[in-house]
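Trainee: This is a predicted model, with the sequence first.
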Amino acid sequence: MFSVFSANSAVSLCETFMLKVGLTGGLASGKSVVGEMFVACGAYLVQADRIAHELMRPGQPVYNEVLRHFGGAILNPDLSVNRAKLAESAFGSSTSSAPATSSVSSSTIPSRVEELNRIVHPAVIRSQEEWMEQIGSQDPNAVAIVEAALILEAGAAKRFDRLIVVTCQDEQRVARFAARQKLSIDAARKEVARRMAAQLPEEEKTKAANYVIDNSGSLDQTRERVRHIWQDLRGEVTAQR
């Protein structure tokens, strides 16, 4: 089930000094790119989005619950979940009006998003815990990173030793999302605002972070920041031995 990326899969029976790290950030901030950079440094990484995708395969308990709550209109002809239709059902129509800002209070989260999260989040968190146990048994000195958009919103931050938040400028977020989804800038801006309304404001996320990576500049600048953080994380693991 797990999408595990690793530079080292050695098995050891020594005491575990593994560091658990959460990697989060707003929509289209570049979390996945940053995650790949940490993998290149030697980290282990699992993506919550891929776990959720696996959990929503036909026949899985989470799939059955999502189908029961949101109905057959979210399915493709092959009975797999159409993620765009599920997002529209949870977030509301993208044509609905939305504030053109990402700084929206978490109290405005639509009830259908909360409903979906109550179904999916507990199962995803359990899978993350199982993955980290698996990595710890393989490599007691690992840095295990979970990439997830809603770590803070799900109340899961306490499960990690360190939290990294990735940020970017609002217009960059919109441009990246437009390119990724093949949307116009205006359509992307509305959709980004709609989805960001279901997340904590970025300033609240950065306040909770141990490390912040501003991904607004060049990839080389981001990579350099990742290297510095990686040195700190590896230093923590070494200090525990």
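Mentor: Arrived safely, thanks for sending.

Trainee: is it fair to say residue 29 lies in a helix?
Mentor: No: per DSSP: H, G, I helix; E, B strand; the rest coil, residue 29 lies outside any helix segment and is coil.

Trainee: what about it, how many residues close to it?
Mentor: Under the neighbour criterion other CB atoms under 10 Å, residue 29 is assigned a count of 25. Every C-beta, even on glycine, is put in place using the N, C-alpha and C of the backbone.

Trainee: Ramachandran coordinates for it?
Mentor: Main-chain dihedrals, residue 29, degrees, to the nearest 10: phi -80, psi -20.

Trainee: can you check residue 147 too?
Mentor: Given degrees, to the nearest 10, the pair of backbone angles that residue 147 has is phi -90, psi 120.

Trainee: what's the burial count for it?
Mentor: Residue 147 has 25 nearby residues by other CB under 10 Å.

Trainee: For it, give the beta-bridge partners.
Mentor: Beta-bridge partners for residue 147, by DSSP bridges, are residue 23, residue 47.

Trainee: Pull up the gap between residue 129 and residue 20, please.
Mentor: From residue 129 across to residue 20, the span is 9 Å (CB to CB, to the nearest Å).

Trainee: Are there residues contacting both of these two? Which ones?
Mentor: Contact with both residue 129 and residue 20 is made by residues residue 159, according to CB atoms under 8 Å, 6 or more residues apart in numbering.

Trainee: More neighbours: which of the two?
Mentor: Under the criterion of other CB under 10 Å, the comparison of residue 129 against residue 20 puts residue 20 first, with 19 against 14.

Trainee: what's near enough to touch the more buried one?
Mentor: Residue 20 sits next to 132, 144, 146, 159-162 when contact means CB under 8 Å, 6+ apart.

Trainee: do residue 150 as well
Mentor: Going by CB under 8 Å, 6+ apart, residue 150 touches 24, 48, 117, 121, 156, 199.

Trainee: wait, what's in contact with the residue minimising distance to the centre of the chain?
Mentor: The centre of the chain sits closest to residue 148, judged by CA atoms, centre = their mean, with a distance of 1.8 Å. Contacts here follow CB under 8 Å, 6+ apart; on that basis residue 148 touches 22-24, 47-49, 124, 128, 154, 156.

Trainee: from those residues, which single one is nearest residue 171?
Mentor: residue 24 (21.0 Å; CB to CB).

Trainee: What are the buried residues along the lowest-mean-pLDDT helix or strand in the chain?
Mentor: Lowest mean confidence among the helices and strands of the chain (mean pLDDT, DSSP states H and E): helix 83-91, at a mean of 89. Within helix 83-91, the residues scored as buried using 16 or more other CB atoms under 10 Å are 86-91.

Trainee: now stretch 121-131
Mentor: For stretch 121-131, the neighbour count (16+ other CB under 10 Å) marks 121, 123-125, 127-128, 131 as buried.

Trainee: of those residues, closest to residue 237?
Mentor: residue 131 (17.9 Å).

Trainee: And the closest residue to residue 48 other than its chain neighbours, its phi and psi?
Mentor: Counting by CB to CB, 6 or more residues apart in numbering, residue 48 lies nearest to residue 148, which is 3.5 Å off, once chain neighbours are set aside. Dihedral angles of residue 148 (phi, psi; degrees, to the nearest 10) stand at phi -150, psi 140.
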